[in-house]
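Q: sequence and computational prediction follow.
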Amino acid sequence: MASPPAAAPSSASAASTLLEQTVVGSRRLSNVLMAAVVSTGGLGFLLTSASSRLGRDLLPIGHPAELAWVPQGLVMGLYGLAAALLATYLWAVIAIDVGAGANQFDKASGTLTVTRRGFRQLISVTTPLRDIQAVKVEVRDGLNPRRRLALRVQGRRDLPLTRVGEPMPLVDLERGGAELARFLGVPLEGV
């Protein structure tokens, strides 16, 4: 069976009792590009600040040595320091691959196991399949769009199944939700 597009292709056993979906974490091209841009910008600000302080142009463009150390060079150094800290955080998140994991639906044992990689530990949630009431498709457009699959679980809040990030295509979201609902034998909500 195919899985929702936010997850990698799933595998189902011959008896269709096991469905496993791999979820992509923060190790994505968009995050790597953003970290590279922030790193480059931060390095530029730091070199501008150093040029201002030393009185020599350390950058091949412009003439940052002509800037007064106080306040322009000092402020550029603070911007560079802030960018370096942000870049360090972004590269750490990418290296750890925060959010990566899997959704494993096992009809033989009657359990759902959702695992995700956190900053310091692996997060794992196990739920009996009998407690799953429905598969929810959530679609919200606007300034902060959200398109995700979640499970409505008895006695708990909704359990999200798809990755956080850019919204997935609506057709893939609906198809993945319908296939999961059919596999679990529960209704599909929100379509």
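A: Yep, it's here.
Q: drop to CA atoms for contacts and neighbour counts, all remaining ones
A: Fine.
Q: so which residues of the chain form helices?
A: Counting by DSSP state H, the segments of the chain that form helices are 29-54, 74-96, 170-184.
Q: who are the packing partners of the shortest one?
A: Helix 170-184 sits against strand 132-140, strand 146-153, strand 188-189, with contacts defined as 3 or more CA pairs under 8 Å, 6 or more residues apart in numbering; DSSP states H and E.
Q: run a quick neighbour tally on residue 97.
A: For residue 97, the number of neighbouring residues by other CA atoms under 10 Å comes to 19.
Q: now do the buried residues in stretch 164-182.
A: Neighbour counts over stretch 164-182 (16 or more other CA atoms under 10 Å) mark 164, 165, 167, 168, 173, 174, 176, 177, 178, 179, 180, 181 as buried.
Q: report the two of these separated the most.
A: Farthest apart among those by CA to CA are 165 and 181. That separation is 23.1 Å.
Q: please work out which of the helices and strands packed on helix 170-184 is packed deepest.
A: Among these, judged by mean count of other CA atoms under 10 Å, the one packed with the most neighbours on average is strand 146-153 (a mean of 21).
Q: so what are the sheet partners of that strand and their directions?
A: Each strand paired with strand 146-153, and its direction, by DSSP bridges: strand 132-140 (antiparallel), strand 159-160 (antiparallel).
Q: how much space separates the residue sitting furthest away from the middle of the chain from residue 177?
A: When distances are taken from the C-alpha mean of the chain, residue 55 lies farthest, 42.8 Å away, according to CA atoms, centre = their mean. The gap separating residue 55 from residue 177 is 61 Å, by CA to CA, to the nearest Å.
Q: tell me who's in contact with residue 140.
A: Contacts for residue 140 were tallied using CA atoms under 8 Å, 6 or more residues apart in numbering; they are 146, 147.
Q: just give the nearest non-adjacent residue to residue 188, would you?
A: Nearest non-adjacent residue to residue 188, counting by CA to CA, 6 or more residues apart in numbering: residue 135, 4.9 Å away.
Q: OK, contacts around the one you found?
A: The contact partners of residue 135, taken as CA under 8 Å, 6+ apart, are 149, 150, 151, 152, 177, 180, 181, 186, 187, 188, 189.
Q: between those, which sits nearest residue 113?
A: Closest approach between the contacts of residue 135 and residue 113, by CA to CA: residue 151, at 12.3 Å.
Q: you'd agree that closest one is up against residue 159?
A: Yes - here residue 151 reaches residue 159: they are 5.1 Å apart, a contact under CA atoms under 8 Å.
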